[in-house]
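1. Need the 3D shape of this:
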Amino acid sequence: MGVQRIDVSATTTAPAALVHALLRDGASWPTWSPIGSFELESPGPDGGESVGAVRVFRTGRVTSRERIAEVVPDRRFSYTLVSGLATKDYRADIDLTEGPGGTTVRWHSSFRAKVPGLGGVYRRSLTSFIRQCVDGLAAHATAQAEAHPRP
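-> Below is the predicted model of the structure:
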């Protein structure tokens with residue numbers, strides 16, 4: 001079973017700190033993504049949505065449990081899938097690169113399909129879902145930055 005990879009990017013005029021804050025706040029995800037609801041199942045050892053925290057997202061009939069794997073302030077937010085999809089070894093890294101025109105959001109993930117031969121099907125479906133997440137995050141961050149401009 002081969003490793004499947006997804007790599008989606010978008011740019012927002014918002015600063016990286018604002019984008020990172022949205023990623024860290026699971027409760028904001030239903031606002032800017034196709035996700036229906038959020039619940040913090042268990043906080044990380046440092047409290048709240050820190051590394052090790054398990055977050056539950058529901059979208060339609062799908063419930064996924066994700067563990068925060070890495071947090072680099074204003075630069076990276078990573079998570080692994082605990083349960084909910086027919087994948088193994090799922091990890092997503094969301095990298096933020098701030099430049100003069102704003103922040104580029106690069107959401108890249110990899111996984112293996114639990115069912116042989118279905119990796120491409122899962123990759124296409126997840127790519128579409130992640131594209132909606134990235135585009136929604138970029139648009140929402142832009143709107144937030146415009147509503148509350150930096151001095």
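2. And V105, its phi and psi?
-> phi -100, psi 120 (degrees, to the nearest 10).
3. got the buried residues for stretch 21-30?
-> A21, L22, L23, R24, G26, S28, W29 (16 or more other Cβ atoms under 10 Å). Placement of C-beta: from N, CA and C, glycine included.
4. Surely S64 touches S83?
-> Yes - counting by Cβ atoms under 8 Å, S64 touches S83, with 7.1 Å between them.
5. Same drill for these two, tell me which one is more crowded.
-> Between S64 and S83, S64 has the larger neighbour count (other Cβ atoms under 10 Å), namely 18 against 10.
6. Excluding chain neighbours, what is closest to the more buried one?
-> G84 (3.2 Å; Cβ to Cβ, 6 or more residues apart in numbering).
7. so the one you found touches V62, yeah?
-> Yes - between G84 and V62 there is a contact under Cβ under 8 Å: 6.3 Å.
8. Give me the more crowded residue out of these two.
-> In this comparison of G84 against V62, neighbours counted by other Cβ under 10 Å, the higher total goes to G84 at 16 against 12.
9. mind checking how far the more buried one is from G60?
-> 12 Å (Cβ to Cβ, to the nearest Å).
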